[in-house]
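*Asks:* with the input below, show me the fold.
(one chain, ligands or ions: 3)
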Amino acid sequence: MLKRNTKSKQAVLELFISHQYGIKPDELIAQLPDFDKVTIYRILNSFLEDGIIHKAVSDDGSSYYFICKSCKEVHYHSHYHFKCSKCQKVECIEKEIEIIIPQNYSIENTNLWITGICEKCNKH
Ligand SMILES: [Zn+2]
Ligand SMILES: [Zn+2]
Ligand SMILES: [Zn+2]
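*Replies:* Ligands and ions are numbered 1, 2, ... in the order given. This is a model prediction of the structure:
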């Protein structure tokens, strides 16, 4: 059981590493037919908790997961997620932005979302 679990975690992690764009749970499930849905969702949740991946919710309510580049245990990033309305790909805009909120407020989570046309699609 433990071995199987490790194998599935490794498979999910490899997909995230090889994928430069955000991945929806449905896509993960479709790309990993050897593992069941429940297992994949469990792995996503544990990766989220461990600071391996982060999540953003699109304007149409879909969740996308992205690999974290510099988080260790605690997530540390505030950047936009950009969805191209032509190719539908979603990417992290790797530029930290300063979020200004009133005094005595503290941020627990951000969901910064942009839609537009990506560089590749703009060139065609
Ligand atoms: Zn993170
Ligand atoms: Zn595009
Ligand atoms: Zn991101």
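
*Asks:* for residue 56, see how far away the closest residue to residue 23 other than its chain neighbours is.
*Replies:* Once its chain neighbours are removed from consideration, residue 23 has its nearest residue in residue 65; the separation is 5.3 Å (Cβ to Cβ, 6 or more residues apart in numbering). Heads up, the C-betas are built off the backbone N, CA and C, glycines and all. Counting by Cβ to Cβ, to the nearest Å, the gap from residue 65 to residue 56 is 8 Å.

*Asks:* ok, now residue 39?
*Replies:* As defined by Cβ to Cβ, residue 39 lies at a distance of 23 Å from residue 56.

*Asks:* what does residue 27 give?
*Replies:* Relative to residue 56, residue 27 is positioned 15 Å away (criterion: Cβ to Cβ).

*Asks:* go on, residue 107?
*Replies:* With distances taken as Cβ to Cβ, residue 107 is found 15 Å from residue 56.

*Asks:* also residue 116?
*Replies:* For residue 116, the distance to residue 56 - Cβ to Cβ - is 15 Å.

*Asks:* hmm, what's the outermost residue in this structure?
*Replies:* Counting by Cα atoms, centre = their mean, the extreme residue of the chain relative to its mean C-alpha position is residue 103, 29.5 Å from that point.

*Asks:* quick one, which of residue 27 and residue 56 is more surrounded?
*Replies:* residue 56 (21 against 15; other Cβ atoms under 10 Å).

*Asks:* give me the phi and psi angles of that one.
*Replies:* phi -140, psi 150 (degrees, to the nearest 10).

*Asks:* leaving out sequence neighbours, find the closest residue to it.
*Replies:* Once chain neighbours are set aside, the closest to residue 56 by Cβ to Cβ, 6+ apart is residue 81, at 4.2 Å.

*Asks:* what's the pLDDT at that neighbour?
*Replies:* In the prediction, the pLDDT value recorded for residue 81 is 96.
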